[in-house]
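# sharing a model prediction with you, sequence too.
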Amino acid sequence: MGHNTTEQLVPLNIAVLTVSDTRTEENDSSGQFLAEALQKTGHSLADKAIEIDDIYKIRARLSTWIASEHIQAILVTGGTGFTGRDSTPEAVTVLLDKVVEGFGELFRHISYQEIGTSTLQSRALAGLANQTAIFCMPGSTNACRTAWENIIDAQLDSRQGPCNMVPHLKGIDFDACRTRA
């Protein structure tokens with residue numbers, strides 16, 4: 001499936017959250033990659049932040065963005081591994097109205113081609129909360145690139161057919177899933 005080049009992209013307002021105890025604006029290569037990638041494809045960077053790996057701080061930040069009338073998608077990088085401090089899935093899952101199981105499954109499938117069985121340590125996940133798409137991926141820049149280029153970019157592209165996530169997001173008056181033929 002590809003783009004329908006007769007339609008124009010519906011630009012989204014997307015926030016980027018880096019979950020890390022050590023990253024700063026100066027060395028946050030993963031968050032910076034996501035911010036640049038989404039803008040390069042025509043979307044707007046609605047906000048960007050770094051939070052320490054603390055369940056309640058992550059939830060507080062995400063809850064503010066989920067409640068915003070203007071943020072339609074959130075990209076979260078970091079905190080999806082197995083260390084004692086990795087708590088992004090635990091922070092995010094309770095906020096979701098719907099879990100998109102296919103994201104984690106597809107991410108690990110694609111990632112397997114790049115890093116082998118180490119991909120099973122990834123607890124990448126996605127879902128919808130208050131008509132806001134949330135994608136959580138590992139903290140490495142390569143993992144963010146894999147997720148963005150192979151999955152997220154297409155799902156946040158209104159021209160992607162036969163279907164994409166855009167019609168399910170807040171503030172969108174668009175019927176991208178009108179046909180599945």
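Sure thing, it's come through.

# when you work out contacts or count neighbours from here on, use the C-alpha atoms and nothing else.
OK.

# next SSE after the helix or strand Leu38 falls within?
In the assignment (DSSP states H and E), Leu38 maps to helix 29-40. The helix or strand immediately downstream of helix 29-40 is strand 44-51, counting by DSSP H and E.

# helices or strands up against the longest helix along the chain?
If you go by DSSP state H, the chain has its longest helix at helix 101-115. When contacts are defined as 3 or more C-alpha pairs under 8 Å, 6 or more residues apart in numbering; DSSP states H and E, helix 101-115 sits against strand 125-129, helix 141-147.

# let me know which of those is tucked in deepest.
strand 125-129 (a mean of 24; mean count of other C-alpha atoms under 10 Å).

# hmm, who's touching that strand?
66, 89, 95-101, 103-104, 133-137 (C-alpha atoms under 8 Å, 6 or more residues apart in numbering).

# mind checking which residue lies nearest the centre of this protein?
Centroid-nearest residue in the chain, with C-alpha atoms, centre = their mean: Phe135, separated by 2.6 Å.

# tell me the SS of that one?
Look at Phe135: counting by DSSP: H, G, I helix; E, B strand; the rest coil, its state is strand.

# roughly how far apart are the closest residue in space to it that isn't next to it in sequence and Leu62?
In this structure, Phe135 finds its nearest non-sequential neighbour in Ala126, 4.4 Å apart by C-alpha to C-alpha, 6 or more residues apart in numbering. Ala126 sits 13 Å away from Leu62, taking C-alpha to C-alpha, to the nearest Å as the criterion.

# nothing else from me, thank you.
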